[in-house]
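Asks: Sharing a model prediction with you, sequence too.
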Amino acid sequence: MHDLPLHLWFSITRLGGAGLTLPLAVAIALWLALGYSWRLAAGWLAIVGAAAGIVTLTKIAFLGWGIGVREWDFTGVSGHAMLSTAVYPVAFFLALLPARPMVRIAGVACGLAAGLAVGLSRVVLSAHSPSEAVAGCVVGALAAILFVWRAWDTKPGKLSVVPVAVSLLMLAVALHDVRVPTQYWVTHIALHLSGRDRPFIRARWRVGHDAPHRVPVAPSGRSAALPSAFA
């Protein structure tokens, strides 16, 4: 699998971008509210929001204070891995809710496999260490499984499979390459909270040099050297 062309790995990794997965999470909440209940929708948003909070806090801790685990090369939970492993299983579950239990289980498994593929792509592309990708997949999978467990006995039949599946698929295609500057935002929050003027950098932190380098800023105002915070 590591022999896949580089452009395919980039296509896989984009499936976990916040510009795609966060709108999908909101779309899932809207379908839940329209077809089932606002309580179910709120529960889903709370679960995925808590998982995103874990990602954000670990990144702020590293960028602002250099908190991580050098032995594991861990500087923060992978957001790409977390979001994809949380959102895609629930998207499949929602679309297949009127189906038989075994079909729903198969759909959730497919969603988890998609999340794992995104996590692997982050390691192959050197965007994350294995420990960070694994942590993202674990947090995302726990979020998805928790929601599926809570929603498993929801009465099916209020939503047709076709409009749900088609709308989510169209959204995924339309937003596949949309990017949002989450790393830029999280870095500014980390620097504001820590009182530093420069974030910690993985390469220097890994070898024990704690004085961070200044990050170049692109003309657009985004950090030129930083990918998405939910990377």
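Replies: On my side now, so go ahead.
Asks: who touches the host helix or strand of I105?
Replies: Taking DSSP states H and E as the criterion, I105 maps to helix 101-124. Contact with helix 101-124 is made by 1-2, 9-10, 12-13, 15-16, 78, 80-81, 84-93, 95-97, 99, 128-130, 132-134, 136-137, 140-141, 144-145, 148, 231, as judged by C-beta atoms under 8 Å, 6 or more residues apart in numbering. All C-beta spots, glycine's among them, are computed from the backbone N, C-alpha and C.
Asks: Please state the offset of it from the chain centre?
Replies: Relative to the chain's own centre, helix 101-124 is displaced by 13 Å; criterion: C-alpha atoms, centre = their mean, to the nearest Å.
Asks: Poorly predicted segments of this structure, please.
Replies: Within the chain, the stretches with pLDDT under 70 are 1-2, 156-158, 209-231.
Asks: how does it look with 90?
Replies: 1-7, 34-36, 66, 68, 70, 97-99, 154-165, 171-185, 187-188, 195-231 (pLDDT under 90).
Asks: Kindly indicate whether the residue positioned nearest the centre of it is helix, strand or coil.
Replies: Nearest residue to the geometric centre of the chain (C-alpha atoms, centre = their mean): L83, 2.2 Å. Following DSSP: H, G, I helix; E, B strand; the rest coil, the label given to L83 is helix.
Asks: what are the C-alpha coordinates of the helix holding I105, in PDB please?
Replies: Output of helix 101-124 as PDB, limited to C-alpha atoms (Å, rounded to 0.1, in the frame of the first residue of the first chain):
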ATOM      1  CA  PRO A 101     -28.200  -4.200  11.600                       C
ATOM      2  CA  MET A 102     -25.500  -6.200   9.700                       C
ATOM      3  CA  VAL A 103     -25.700  -3.700   6.900                       C
ATOM      4  CA  ARG A 104     -25.300  -0.800   9.300                       C
ATOM      5  CA  ILE A 105     -22.300  -2.500  11.000                       C
ATOM      6  CA  ALA A 106     -20.700  -3.000   7.600                       C
ATOM      7  CA  GLY A 107     -21.200   0.700   6.800                       C
ATOM      8  CA  VAL A 108     -19.600   1.800  10.100                       C
ATOM      9  CA  ALA A 109     -16.700  -0.600   9.400                       C
ATOM     10  CA  CYS A 110     -16.200   1.000   6.000                       C
ATOM     11  CA  GLY A 111     -16.200   4.500   7.600                       C
ATOM     12  CA  LEU A 112     -13.600   3.400  10.100                       C
ATOM     13  CA  ALA A 113     -11.500   1.900   7.300                       C
ATOM     14  CA  ALA A 114     -11.600   5.300   5.500                       C
ATOM     15  CA  GLY A 115     -10.400   7.000   8.700                       C
ATOM     16  CA  LEU A 116      -7.600   4.500   9.100                       C
ATOM     17  CA  ALA A 117      -6.500   5.100   5.500                       C
ATOM     18  CA  VAL A 118      -6.400   8.900   6.200                       C
ATOM     19  CA  GLY A 119      -4.400   8.300   9.300                       C
ATOM     20  CA  LEU A 120      -1.900   6.100   7.300                       C
ATOM     21  CA  SER A 121      -1.600   8.800   4.700                       C
ATOM     22  CA  ARG A 122      -0.600  11.400   7.300                       C
ATOM     23  CA  VAL A 123       2.400   9.100   8.200                       C
ATOM     24  CA  VAL A 124       3.300   8.300   4.600                       C
END
